[in-house]
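Student: Next come a sequence and a model predicted from it.
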Amino acid sequence: MANPSSATWSRHTLHITGMNCAACAVRIEKALRRMEGTGGVSVNFAVGRASVQLDPARLQLRQVEDRVEQLGFGIRKDTDAGSYLGTDVKGLWLRFIASALLTLPLLWTMFSHYSLTSSVWIPKLFFQPWFQLALATPVQFIIGMPFYFGAFHALRNRGANMDVLVALGTSSAYFYSHYLAMKAIQSPAAEGQHIPLYFETGSMIITVVLLGKLLEGMARQRTMHAMRGLQEMQADYVHVIRMQRETRIPIEEMRGGDQVVIRPGERIPVDGVIVRGHSAVDESMMTGEGMPADKSAGAQVMSGTMNLNGILTVEARRIGSDSTVAQLIRLMEDAQYSKPPIQRLADTIASYFVPVVVAIAGLTFAAWYALCQPGDFGHALGCAVSVLVIACPCAIGLATPISILVGSGRAAQRGILFKEGRFMEQLQQTDVVLLDKTGTLTEGRPELTDILPLGGHSARSLLRWAAAAEQPSEHPISRAIAAAAERQQLIVPEAKRFSMIPGCGIRAEVEGKRLFLSAYARLKPQGIQANYADAGVIAELEREGKTVIGMAVDNRLAGLLAIRDSLRPTSAEAVRQMKRLGLEVMMVTGDQRMTAEAIAREAGIGQITAGVLPQEKVEWVSRLQREGRTVTMVGDGINDAPALAASDIGIAMGQGSDIAGEAADIHLLRGDLRAIPEAIHISRRTMANIRQNLSFALVYNVIAIPFAVMGWLEPWMAGTAMALSSVSVVGNALRLQRSGRRKGAVS
């Protein structure tokens, strides 16, 4: 496998059919990694997909697909996993019903084996060797043929999976019974006697394995519900205004800047800004918020949300793969491919599991035939078959991916997006949370409250120049200054030579004057003469929770701007919930200390680090990590991106900057800090669920295999136990769908 950083890589998703257990996924993964030109490879058995990075100069996608098919698996072009699972479940139903009907007469004969049921009437025909052979043969070689195909391809590629165990166990019982049946048919002395045959063993095993796969498939269909719900939120057609006329076009033909008409009851197909209309918009599928949001001209809307009661005209800003719903689907899919460390352990166990079980079965047969009951071939064979079919690598392999799938799906329904599954494991280890102030703890919609002009400048002139300098910036403070100028209906001049220094301020040239705007405390380090006489005024503004911005004109302090950003209504409750989870909560902000302290008091945060630059936030994260702490950083702006990337887990808030989003590991679609304790709660429950699944799967195999070796389990009982073990793991994972159901409440 090549180094992905050495070339231009493209990522592809393969939809694979025919995987019957975790060992299949491990085998595909190993084979693809050995191909020259592949980078990262991850195969997820639970969803039947593989993610492959390719170097197009050395390897084509078709070659990868051919290799998968050489391994004995199929490539499905239909990308709707839920639809495919539905078809697969229907096929399993038919195979199970046919197998059950043919196996029932064979099972009926077993009543004669036990004293309690020996009085049950059994048709004599059912005891006839030729009749049992006629029933068992189609079960073994027609209904059970997929097990043979799977075993053949696995062995041909020097691998082993569950198909090998089933094929080997059922074939042993079938061919031994076939030998006894032929012997009885050809022997006149055997006519009218009950010959002990084992056809019911192989047929019953195939039937119960099919039942287990059927139940597992139905459960996996349920786990795909969240993903399918998101896919259904993508529109196929949209109504756009072209040439002053409303036209219906396929969504693929849309262009950025198109105006889309959305009627009541329709989903909003793009991310954009409302240019006309007023309506209530249901954003619950995207943010988890239950109450509709009122939207009017100028408001932003997200794709996938529902327009409830008014006609909206929206200017498209992000379409297709760039839209929120498309990115959400992509993030959910990515979360399935990334394997947490606990999954890699399970994969390692699964890869060695089948060869070890085959060896144990061989030793069991030899011990019973040679030592325990010498010469009793039938009993020795029954014990060996029980060992083969009771062992279940599927339960081990399913334990992690099925829980990650359900947990990340539940989180997505609550507006919490994990970029990769491994971040769910890391998040539950968090013990300290660092919160940025502006746009994270606060609304991120600050308002200009005070203008204090100096040096003969007027408040009106300062506001005009400040609005001009801040106009190119998307920072919340910049928007607050621009909004104040708009309210006063000022004519804002054009700024030249604009530059933004992250964590320091903004420089621009306006009407021939060199402007610099920054936090007041940062003016002097930039060479600005900032000797404001009345320091008490600044202190009072900061005590009120206001950010004091110094504005310099031609390197001299020309005035002060005071800006207030209100605490989010839910921030204090979110901090209390995080503390109840045993987390230490701290504020790290570039704002002045007194302003930060005012907000921290409202939020209930005791530890504050204020006046720090972006690189100093990174140093603070590193310091905590050196102390052995697991750090989660929460922010929404460009200046938070380095700290988000440096922390163990980076969380980007709401509609934060794209740079912050790229640096983050988790995205919160709604601007509510209560989503953080909710995400931690879901991650803890998911990891606990994985540990339960793995413990059950390992304990099951550790206990069940010795029972089979000792001869205490009939082969059909062993097959039933094996089938139920996988179903139990999936059923336990489905309990996660109830995680975080109480909005905003975390216990």
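Tutor: In hand now; what should we look at? Remember, it's a predicted structure, so these values are computed and weren't measured experimentally.

Student: any residues touching stretch 255-263, and which ones?
Tutor: 238-242, 246, 254, 268-270, 272, 275, 307, 311-319 (Cβ atoms under 8 Å, 6 or more residues apart in numbering). C-beta here means a position set from N, CA and C on the backbone, and glycine is covered the same way.

Student: Which ones among the residues you listed lie within strands?
Tutor: Per DSSP state E, strands hold the following members of those: 238-242, 246, 272, 275, 307, 312-318.

Student: quick one on the thing from earlier: filter the contacts of stretch 255-263 down to the buried ones and hand me the ChimeraX line.
Tutor: Taking 16 or more other Cβ atoms under 10 Å as the burial criterion, the selection of buried members of these in ChimeraX is written as:
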select :238,239,240,254,268,269,270,272,307,312,313,314,315,316,318,319
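
Student: Helices of the stretch 1-150 of the chain, start to end?
Tutor: 22-33, 61-70, 81-108, 129-138, 145-156 (DSSP state H, counting those that start in this stretch).

Student: Can you flag the weakest of these by average pLDDT?
Tutor: Ranked by mean pLDDT, those end with helix 81-108 at the bottom, a mean of 78.

Student: Packing partners of that helix?
Tutor: Applying 3 or more Cβ pairs under 8 Å, 6 or more residues apart in numbering; DSSP states H and E, one finds that helix 81-108 contacts strand 10-17, helix 129-138, helix 199-223, helix 225-231.

Student: can you do 6 Å?
Tutor: In this structure, helix 81-108 packs against helix 199-223, with contacts taken as 3 or more Cβ pairs under 6 Å, 6 or more residues apart in numbering; DSSP states H and E.

Student: List every C-alpha atom in the helix or strand where P642 lies, with coordinates, as PDB.
Tutor: Under the criterion of DSSP states H and E, P642 resides in helix 641-646. Extracted in PDB, the C-alpha atoms of helix 641-646 (Å, rounded to 0.1, in the frame of the first residue of the first chain):
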ATOM      1  CA  ALA A 641      -9.200  26.400  13.700                       C
ATOM      2  CA  PRO A 642      -5.600  25.800  15.000                       C
ATOM      3  CA  ALA A 643      -6.900  24.900  18.500                       C
ATOM      4  CA  LEU A 644      -9.600  22.700  17.000                       C
ATOM      5  CA  ALA A 645      -7.000  20.800  15.000                       C
ATOM      6  CA  ALA A 646      -4.600  20.500  17.900                       C
END
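
Student: quick one: that helix to chain centroid distance?
Tutor: Counting by Cα atoms, centre = their mean, to the nearest Å, helix 641-646 is centred 21 Å from the centre of its parent chain.

Student: now stretch 620-635
Tutor: On the basis of Cα atoms, centre = their mean, stretch 620-635 is displaced by 24 Å from the centre of the chain it belongs to.

Student: ends of it, how far apart?
Tutor: In stretch 620-635, first residue to last residue: 14 Å (Cα to Cα, to the nearest Å).

Student: Stretch 255-271 now?
Tutor: Start-to-end span of stretch 255-271 (Cα to Cα) is 12 Å.

Student: So which bits of that stretch are buried?
Tutor: Those would be D258, Q259, V260, V261, I262, E266, R267, I268, P269, V270, D271, for stretch 255-271 by 16+ other Cβ under 10 Å.

Student: one step back: which elements pack onto the helix holding P642?
Tutor: Using 3+ Cβ pairs under 6 Å, 6+ apart, helix 641-646 sits against helix 614-626, strand 631-635, helix 658-663.

Student: list the buried ones in the longest helix seen in the chain?
Tutor: Under DSSP state H, the helix in the chain containing the largest number of residues is helix 675-709. Neighbour-count burial for helix 675-709, counted by 16+ other Cβ under 10 Å, picks out 675-687, 689-690, 692-694, 696-697, 700-701, 704-705, 707-709.

Student: what's the angle between it and strand 631-635?
Tutor: 140 degrees (axes from the mean of the first three to the mean of the last three Cα atoms, to 10 degrees).

Student: So which elements touch helix 675-709?
Tutor: Using 3+ Cβ pairs under 6 Å, 6+ apart, helix 675-709 is in contact with helix 377-390, helix 393-413, helix 422-427, helix 715-734.

Student: Mean neighbour count, those helices: which tops it?
Tutor: Most buried of the helices and strands packed on helix 675-709, by mean neighbour count (mean count of other Cβ atoms under 10 Å): helix 393-413, with a mean of 28.

Student: next helix or strand past it?
Tutor: Per DSSP H and E, the first helix or strand lying C-terminal to helix 393-413 is strand 416-418.

Student: Show the average pLDDT along that following strand.
Tutor: Here the average pLDDT along strand 416-418 is 85.

Student: Show me what it packs onto, helices and strands only.
Tutor: Packed on strand 416-418, when contacts are counted by 3+ Cβ pairs under 6 Å, 6+ apart, is no other helix or strand.

Student: which one is P292 nearest to, not counting chain neighbours?
Tutor: Nearest residue to P292 in three dimensions, chain neighbours excluded: A280, at 3.9 Å (Cβ to Cβ, 6 or more residues apart in numbering).

Student: Could you verify that that neighbour is part of a helix?
Tutor: No: under DSSP: H, G, I helix; E, B strand; the rest coil, A280 sits outside any helix and is assigned strand.

Student: so how far is I268 from it?
Tutor: Look at A280 and I268: by Cβ to Cβ, to the nearest Å, they are 12 Å apart.

Student: before we move on, what about E540?
Tutor: For E540, the distance to I268 (Cβ to Cβ) stands at 45 Å.

Student: now T103
Tutor: Distance from T103 to I268, by Cβ to Cβ: 53 Å.

Student: How about Q300?
Tutor: 11 Å.

Student: pull the helix or strand with minimum mean pLDDT from this protein.
Tutor: helix 658-663 (a mean of 54; mean pLDDT, DSSP states H and E).

Student: Touching the helix or strand that comes right after it from outside, list them.
Tutor: Proceeding N to C from helix 658-663, the next assigned helix or strand is strand 666-668, under DSSP H and E. With contact meaning Cβ atoms under 6 Å, 6 or more residues apart in numbering, strand 666-668 is reached by L417, F418, I651, A652, M653, A675.

Student: And stretch 707-717, by the same measure?
Tutor: T201, M204, T364, G382, C383, V385, S386, V387, I390, A718.

Student: got CSV for those, with distance to G512 too?
Tutor: CSV is the format used below for the contacts of stretch 707-717 (distance: Cβ to Cβ, whole Å):
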residue, distance to G512
T201, 95
M204, 92
T364, 93
G382, 97
C383, 96
V385, 93
S386, 92
V387, 89
I390, 86
A718, 89
